[in-house]
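[1] sequence below, structure please.
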Amino acid sequence: MRHTNPGTAAAAPPGSQTPSLTPRQWKAVQRGEPSAIDAVCEDWLPTVLQWCRRLCGPRVDADHATQDVFLVVLRRVHTVERPEQLPSWMFAVTRRVLAQHRRKAWVRRWIPGDVPEVSDPRRSPDTLTERRQLASQVASILEQMPEELRAVLVLCDLEDRTDPEAAAMLGLKIGTAKSRLRRARVRFRELCVRQGLAPTSGGS
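    Okay, here's the model as predicted:
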């Protein structure tokens, strides 16, 4: 795998299109050819890193989680039967890896001597922008949401994916995905209002 540092993909534009493969490339992946699997990892790195950063929560290192996702990809991507199944498979792997990282982070909180480093607010740069502050608040709000609601909200409202795309990636019926998205938006707005990020009435 050529890319060992997920941070190199940080400049990928939000909402980038899901990578696609030609039939010839996919056959090479299924045969387990290292160069083909390496190409899949390279193509998907920006998308997976973006998912990890939006879904991981404050106690999980998104870059570390991304590396672990691709350890699974390297071992298992050849088992995916059809290329159109790859987005949902990749998202499912990402969610499982993040769940493992969250469980480990929770356990580490209770291990003596293994306390996460907390940055001193007094050392924060004076040039911290409003956009970065807002991003931090939004990340905090997403962390408070149930995982099933957070996932569909990220896919539809942050990734700009369609309801059918999100449903396929989450393994849901379209109607279920739509219902879950409505609940997610309501919950997200409630949390925004609670933190003073949205008006209490009017607008959508």
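
[2] domain-wise, how is this protein divided?
    Domain assignment of the chain by automatic domain parsing yields the ranges 20-112, 129-197.

[3] would a markdown table of these with mean neighbour count and mean pLDDT be doable?
    Using the backbone N, CA and C atoms, a C-beta is placed for each residue, glycine as well. A markdown table is the format used below for those (neighbours: other C-beta atoms under 10 Å; pLDDT from 0 to 100):
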| stretch | mean neighbour count | mean pLDDT |
| --- | --- | --- |
| domain 20-112 | 17 | 86 |
| domain 129-197 | 16 | 87 |
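
[4] sec struct for residue 57, please.
    With DSSP: H, G, I helix; E, B strand; the rest coil as the basis, residue 57 sits in coil.

[5] for residue 143, see how far away it is.
    Distance, residue 57 to residue 143, using C-beta to C-beta, to the nearest Å: 4 Å.

[6] cool, residue 86 as well?
    For residue 86, the distance to residue 143 - C-beta to C-beta - is 28 Å.

[7] closest to the centroid, which residue in this protein?
    The chain has residue 51 as the residue nearest its centroid, 1.8 Å off, counting by C-alpha atoms, centre = their mean.

[8] just the helices in the chain please.
    23-30, 34-55, 62-76, 86-108, 130-144, 147-153, 163-170, 174-194 (DSSP state H).

[9] which helices and strands does the fourth one pack with?
    In this structure, helix 86-108 packs against helix 34-55, helix 62-76, helix 147-153, helix 163-170, with contacts taken as 3 or more C-beta pairs under 8 Å, 6 or more residues apart in numbering; DSSP states H and E.

[10] run the angle between the second one and helix 86-108 for me.
    Between the axes of helix 62-76 and helix 86-108, defined by axes from the mean of the first three to the mean of the last three C-alpha atoms, to 10 degrees, the angle is 130 degrees.

[11] how far does helix 62-76 sit from its chain's centre?
    Relative to its chain's centre, helix 62-76 lies at 12 Å (C-alpha atoms, centre = their mean, to the nearest Å).

[12] same check on the shortest one?
    Distance of helix 147-153 from its chain centroid, counting by C-alpha atoms, centre = their mean, is 10 Å.

[13] same deal with stretch 89-97?
    Worked out by C-alpha atoms, centre = their mean, stretch 89-97 lies 9 Å from the chain centre.

[14] put the alpha carbons of that stretch into PDB.
    The C-alpha trace of stretch 89-97 is given here as PDB (Å, rounded to 0.1, in the frame of the first residue of the first chain):
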ATOM      1  CA  TRP A  89     -19.100  -2.500   2.000                       C
ATOM      2  CA  MET A  90     -16.500   0.200   2.600                       C
ATOM      3  CA  PHE A  91     -18.800   2.200   4.700                       C
ATOM      4  CA  ALA A  92     -19.700  -0.800   6.800                       C
ATOM      5  CA  VAL A  93     -16.100  -1.600   7.400                       C
ATOM      6  CA  THR A  94     -15.500   2.000   8.400                       C
ATOM      7  CA  ARG A  95     -18.300   1.900  10.900                       C
ATOM      8  CA  ARG A  96     -17.100  -1.300  12.500                       C
ATOM      9  CA  VAL A  97     -13.600  -0.100  12.800                       C
END
